[in-house]
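Have a look; sequence and predicted model below, questions after that.
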Amino acid sequence: MKPRITLKKIAKEFGVSISTVSKALKDSHEISEDVRERIKAFADFYNYKPNSLALQLRNQKTSVIGVIVPEIVHHFFSQVIDGIEKYANEHGYSVMVCISNESYKKEVSNISVLTNGSIDGLIVSIARETQETQNFKHFEDLIKDDFPLVLFDRIIEDLQCDKVIIDDVGGAFQATEHLIDLGAKRVALLTTQDYISVGALRKEGYLKALVAKGVTIDESLIYRIEDNKNLYEQIEKVINVPNPPDAILAVNEIYAANALKVAKERGLAIPEDIAIIGFTSGLISEFTSPPLTSVVQHGFLMGQHAAELLINRIEHTAPEAFQKEVISTNLKVRKSTINS
């Protein structure tokens, strides 16, 4: 059986744009006769048929974009959705939001429902289970069909689509450096399992900062949290030990808030005995006691950038090459690291 052929594959074969291929197949006189004939012959040989979904969306624009997030309880994702909606609404689009609940099957189901003609394009942060299984066929199928897709935060580098991420490595580096500059000698990292892309990148930044500051890397201070197990009990094992860390970097504010609670219950003074930093400067970080120093991720800005990339792609105003935008972080210092 001959492999399935798409406009994108034909364009790549002839070294031309997708628009040129489309015009050639429609016998447009904007394209030279020689190029038209060669492209049409190639398409006929591979039994090219226009994708019905792509045609439907071209002919019946919905002015709706879809968004799939792993969960809604995290302040970061709610900020991203706010940013997406503001930009989309300002440019004549509505937003439809689905939640994967970190499930591969739910993510696949959400994509199937949304892309049945209900939306013009899709913005996704990939579910934990999808990253664990490394099964990305549902995204690959969208890309084969030239369906407008933007990934944000949790991305897959090899997928050929637009992406928006924060500088996870730089944010973790800055936070770890801050703790070491305050005098910390044993900086623990509360991170995700390694298959979660953002956790892996934040671990990379943490390790780089230790090396840069001349601190010996101690693998026993790197704790990979399993979210399907009791979070509080796992963090107790980090702090309720004979020689606890004198500082903690947590890759999200939920981990950081739990570390703060465990440390206080153990009778440790914060930040004198143990300093704590988390990622995401949400309401939890602001209203803990003491408030948590945080790596600010600028979720609202990320949402705006993701919506801009997607709408440009939908409206054919984006560059042909896919873009990857990296948003810088900054450190919001509060009383969990400096008691002033």
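Perfect, thanks for sending it.

by contact count, what packs against the strand or helix carrying L331?
Per DSSP states H and E, L331 falls inside strand 330-332. Judged by 3 or more CB pairs under 8 Å, 6 or more residues apart in numbering; DSSP states H and E, strand 330-332 is in contact with helix 168-181, strand 293-296. Bear in mind the C-beta positions are built from the backbone N, C-alpha and C, glycine included.

at 6 Å instead, please
If contacts are counted by 3 or more CB pairs under 6 Å, 6 or more residues apart in numbering; DSSP states H and E, strand 330-332 sits against strand 293-296.

any idea of the mean pLDDT for the strand it packs on?
In this model, strand 293-296 has a mean pLDDT of 97.

Quick check: next helix or strand after that strand?
Reading on from strand 293-296 to the C-terminus, the next helix or strand found by DSSP H and E is helix 299-314.

buried set for that following helix?
For helix 299-314, the neighbour count (16 or more other CB atoms under 10 Å) marks 299-314 as buried.

So which other helices or strands are in contact with that helix?
By 3+ CB pairs under 6 Å, 6+ apart, helix 299-314 packs against helix 75-90, strand 121-124, strand 149-152, strand 162-166, strand 324-327.

Would you mind giving the orientation angle of that helix with respect to strand 162-166?
Here the directions of helix 299-314 and strand 162-166 differ by 170 degrees (axes from the mean of the first three to the mean of the last three CA atoms, to 10 degrees).

Contacts for helix 299-314, please.
Outside helix 299-314, the residues within contact range by CB atoms under 6 Å, 6 or more residues apart in numbering are 65, 76, 79-80, 82-84, 87-88, 91, 120-121, 123, 148, 150, 152, 162, 164, 318, 325, 327.

same thing but at 8 Å, please
The contact list for helix 299-314 (CB atoms under 8 Å, 6 or more residues apart in numbering) reads 65, 75-88, 91, 93, 120-123, 148-150, 152-153, 162, 164, 166, 280, 318, 323, 325, 327.

quick one: contacts for E226?
E226 touches Q193, Q234, counting by CB under 8 Å, 6+ apart.

Given the strand holding L331, what are its sheet partners and their directions?
Next to strand 330-332 in the sheet, as set by DSSP bridges, lie strand 293-296 (antiparallel).

Please pull out the lowest mean pLDDT helix or strand from this structure.
helix 52-59 (a mean of 52; mean pLDDT, DSSP states H and E).

give me the low-pLDDT residue ranges for the stretch 51-200 of the chain?
The stretch 51-200 of the chain contains residues with pLDDT under 70 at 51-60.

residues in contact with E233?
E233 neighbours (CB under 8 Å, 6+ apart): none.

rewinding a little: give me the next element, helix or strand, following the least confident helix or strand of the chain.
Taking DSSP H and E, what comes next after helix 52-59 is strand 64-69.

List the buried residues in that next one.
Within strand 64-69, the residues scored as buried using 16+ other CB under 10 Å are I65, G66, V67, I68, V69.

Pick out the most distant pair among those.
Based on CB to CB, the longest span within the buried residues of strand 64-69 runs between I65 and V69 and measures 13.3 Å.

sorry, back to before: now render the helices and strands packed on helix 299-314 as CSV, adding distance to I248 and mean neighbour count.
CSV is the format used below for the helices and strands packed on helix 299-314 (distance: least, CB to CB, whole Å; neighbours: other CB atoms under 10 Å):
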stretch, distance to I248, mean neighbour count
helix 75-90, 19, 20
strand 121-124, 31, 27
strand 149-152, 27, 26
strand 162-166, 20, 24
strand 324-327, 25, 15
